[in-house]
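Peer 1: okay, predicted coordinates and the sequence, questions at the end:
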Amino acid sequence: METFKRLKQFYWPFKSYFIWSLLALFIVTGMTVIYPMILQFTIDYAIREENYGVIPYLALAIVVVMALKGVAVYIHQYFGDLFGIITVHRLRNTLYRKLQYLPFRYYDNAKTGDLMSRLTADVEAFRFFLSFGCAQVVNFVLLVGFSMTVMFYYSVPLTLVTMAMLPFLAIVVSKFDKRIHPGFRGIRKSLARLNTKVQENVSGMHTVKALSQEDQEIVRFEDSNEDYRQKHLDISKIWGKYFPLMEFIGNICAVFLLAFGGYLTIQGSLQPGELVAFFSLIWYILGPIMNLGFIINMFSQSKASGERLLEILDEEERRDDAVPRVHKNEEFVGEVIFRDVSLTYGEKIESALKGITFEATRGKTIGLVGATGSGKSSIIQLITRFYERSSGDILIDGKSIDQFSIKELREQIGVVLQETFLFSSTIRDNLAYGRPDVSMEEIIEAAKRADAHEFISTLPEGYETVLGERGLGLSGGQKQRIAIARAIIMDPKILILDDATSAVDMQTEVKIQKAFREVMKGRTTFVIAHRISSVKHADEIIVLEDGEICERGTHQELLHSNGLYRKIYNIQNQDQEYVLQRA
Ligand SMILES: Nc1ncnc2c1ncn2[C@@H]1O[C@H](COP(=O)(O)OP(=O)(O)OP(=O)(O)O)[C@@H](O)[C@H]1O
């Protein structure tokens, strides 16, 4: 119940729909129970006492009862559906919103396929319970309650005997519940794994094909698929045993009651019509009890799903305590200062950055070089606040970075990454992604400055060309130039170029570098690069080793200091003689 209690905020505001649905259900149940009573009256009064004149009225009463029941079923169904649909609409929006604001930390371990299945299959299971399952629980209580009342009215001893049989059914139902709930959790997890497998396969198709892993991928998928199949079969086995057993116990109860009821009728303490009505009513009790398995099944599924949804909702959103626009009237300058900054990721023991100190004044270009894993990208993660520093101070325009709201800060930072992600929409939309209100003139101007206008113009539909998923259909260099144009449109004060030219050939690199120089004017720029050629014009180059700054200076200064930078430079220039000498 805890799960449903915690999800209350989503369904409680729409309780009026549920109440309407329940009121209608009340009428439906009432009409259902009236039917055997009319039958009893027909047998005992109209037929046995030969009052045939009332039969047309009784027939009319049945028609009215059925018509009323029909209308009530419609209302019950409609409002029940509305309750579920509106609730999960809100729930889905909240989940999506939550995903937007979860920190990168969360996505380090999250799996897309798993998230997709939570936002679709789990949300649907929850909706199904709200729309249908919940009402089934109430229906069970009402039907059993109403039927019992009428049964007591007809015969107290027979009703008491009926009640004595119910615990046997209850035991089977509770055993079923204990086994079915873990089974459903397993199915949900297995489906999520299957989704993850498919999603990763499609996203990583290039890698799969490049490494000729198609057959292995098929085997891996078949393993996940087999697991899913097995989990379903396990559940089917539980179901398969449960229903015949319930049916058997139910029928034994019915036969036993019929015998006892027949005896009471022969004795004269029960009318034949009452016995017939009683027999219908017994099935109104046995039926829902047998169906309880189905209801529990639904309840278990939605509980398992609700738990998985709560896992997302309970995640801590990224911290953003600053009130936006603290510096409303001040112009953003883009000066970045690091003072003794360290960073340790999550549970890791080893720090990714240790005691980093530097100053990047307005318009200056800082180059970051070092071996892979030395901490270059981690510096950027801190400037953009994708991750939070573990210690030290980061100042932007002389104020602590925490004083800026994350939105405000990121609006001033343009990032061009090694891999550009483009959405499957038009080039124009992709260019305007950071500033949807930007004019077409500005878009074209930015594309020209990023040296992208020319190739965009040659596309059949120009700026309106719809790109494939992740920008499929464009070359690496073209995607990079779109990313640069996107950064120009943002007009940021801080520009970050994270290994932005490593994936393109030398000729394209020269073109992109030219575009970069255009964008870098007047902005504080951080250039991360493996190629020395990309950073040699920087005002200061910071060389990192194992998360620490081991050297700093201009290109010339660093060449003269004969340290790590010089070593990288020599290797890149293929100065084999030098390398051999040193070795
Ligand atoms: N999200 C993360 N979670 C945990 N550890 C991380 C994360 N990102 C980076 N690291 C670790 O931090 C260290 C520094 O990584 P970083 O990405 O900053 O290096 P880099 O110099 O940019 O490397 P490369 O040149 O390969 O991009 C590495 O040991 C890396 O494993």
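Peer 2: Cool, the structure landed.
Peer 1: average pLDDT across the helix or strand containing Leu39?
Peer 2: Of the helices and strands defined by DSSP states H and E, Leu39 is found in helix 15-41. For helix 15-41, mean pLDDT rounds to 91.
Peer 1: buried ones in that helix, by neighbour count?
Peer 2: For helix 15-41, the neighbour count (16 or more other Cβ atoms under 10 Å) marks 17-18, 20-22, 24-29, 31-41 as buried. Any C-beta I mention is one placed from the backbone N, CA and C, and that applies to glycine too.
Peer 1: just how off-centre is it within its chain?
Peer 2: Taking Cα atoms, centre = their mean, to the nearest Å, the mean C-alpha location of helix 15-41 is offset from the chain mean by 39 Å.
Peer 1: who are the packing partners of the following helix or strand past it?
Peer 2: Counting by DSSP H and E, the next helix or strand C-terminal to helix 15-41 is helix 55-101. In terms of contacts (3 or more Cβ pairs under 8 Å, 6 or more residues apart in numbering; DSSP states H and E), helix 55-101 is packed against helix 8-11, helix 15-41, helix 123-128, helix 134-154, helix 272-313.
Peer 1: other residues contacting the next helix or strand after helix 55-101?
Peer 2: Counting by DSSP H and E, the next helix or strand C-terminal to helix 55-101 is helix 104-109. The contact list for helix 104-109 (Cβ atoms under 8 Å, 6 or more residues apart in numbering) reads 315, 345-346, 381, 386-387.
Peer 1: buried residues, the next helix or strand after helix 104-109. List them.
Peer 2: Counting by DSSP H and E, the element after helix 104-109 in chain order, helix or strand, is helix 112-117. For helix 112-117, burial by neighbour count (16+ other Cβ under 10 Å) applies to 113-115, 117.
Peer 1: can you add pLDDT and distance to Ile249 and give the residues you listed back as TSV?
Peer 2: Converted to TSV, the buried residues of helix 112-117 look like this (pLDDT from 0 to 100; distance: Cβ to Cβ, whole Å):
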residue	pLDDT	distance to Ile249
Gly113	79	42
Asp114	84	40
Leu115	87	43
Ser117	84	37
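Peer 1: would you turn those into a markdown table with distance to Leu7?
Peer 2: Below are the buried residues of helix 112-117 laid out as a markdown table (distance: Cβ to Cβ, whole Å):
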| residue | distance to Leu7 |
| --- | --- |
| Gly113 | 23 |
| Asp114 | 19 |
| Leu115 | 18 |
| Ser117 | 18 |
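Peer 1: flag every residue of this structure that's near the ligand.
Peer 2: Within the chain, the positions lying close to the ligand (Cβ under 6 Å from any ligand atom) are 108, 345-346, 348, 352, 370, 372-378.
Peer 1: if we use 8 Å, what do you get?
Peer 2: Residues of the chain lying near the ligand by Cβ under 8 Å from any ligand atom: 104-105, 108, 343, 345-346, 348, 350, 352-353, 368, 370-381, 387, 418, 498-499, 528, 530, 544, 547.
Peer 1: buried members of those residues into PyMOL, please.
Peer 2: PyMOL command restricting the residues of the chain next to the ligand to the buried ones, with burial defined by 16+ other Cβ under 10 Å:
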select buried, resi 105+343+345+352+353+368+370+374+375+376+377+378+379+380+381+387+418+498+499+528+530+544+547
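Peer 1: domains of the chain?
Peer 2: Domain segmentation of the chain under automatic domain parsing yields 8-313, 363-377+411-582.
Peer 1: what's the least confident stretch among these?
Peer 2: Looking at the domains of the chain, the bottom one is domain 363-377+411-582 with a mean of 82.
Peer 1: got the contact list for Ile312?
Peer 2: With Cβ under 8 Å, 6+ apart, Ile312 has these contacts: 95, 98-99, 115, 118.
Peer 1: swap in 7 Å and give it another go.
Peer 2: 95, 98, 118 (Cβ atoms under 7 Å, 6 or more residues apart in numbering).
Peer 1: for Leu292, same thing?
Peer 2: Neighbour list for Leu292: 140, 173 [criterion: Cβ under 7 Å, 6+ apart].
Peer 1: from the ligand, how far off is it?
Peer 2: Noted for Leu292: a distance of 48 Å to the ligand, by Cβ to the nearest ligand atom, to the nearest Å.
Peer 1: cool, Asn93 as well?
Peer 2: 28 Å.
Peer 1: quick check: the gap between that residue and Gln100.
Peer 2: Computed with Cβ to Cβ, to the nearest Å, the distance linking Asn93 and Gln100 is 11 Å.
Peer 1: can you check Ile379 too?
Peer 2: For Ile379, the distance to Gln100 equals 25 Å [Cβ to Cβ].
Peer 1: do the same with Ile47
Peer 2: Between Ile47 and Gln100 the computed distance is 70 Å (Cβ to Cβ).
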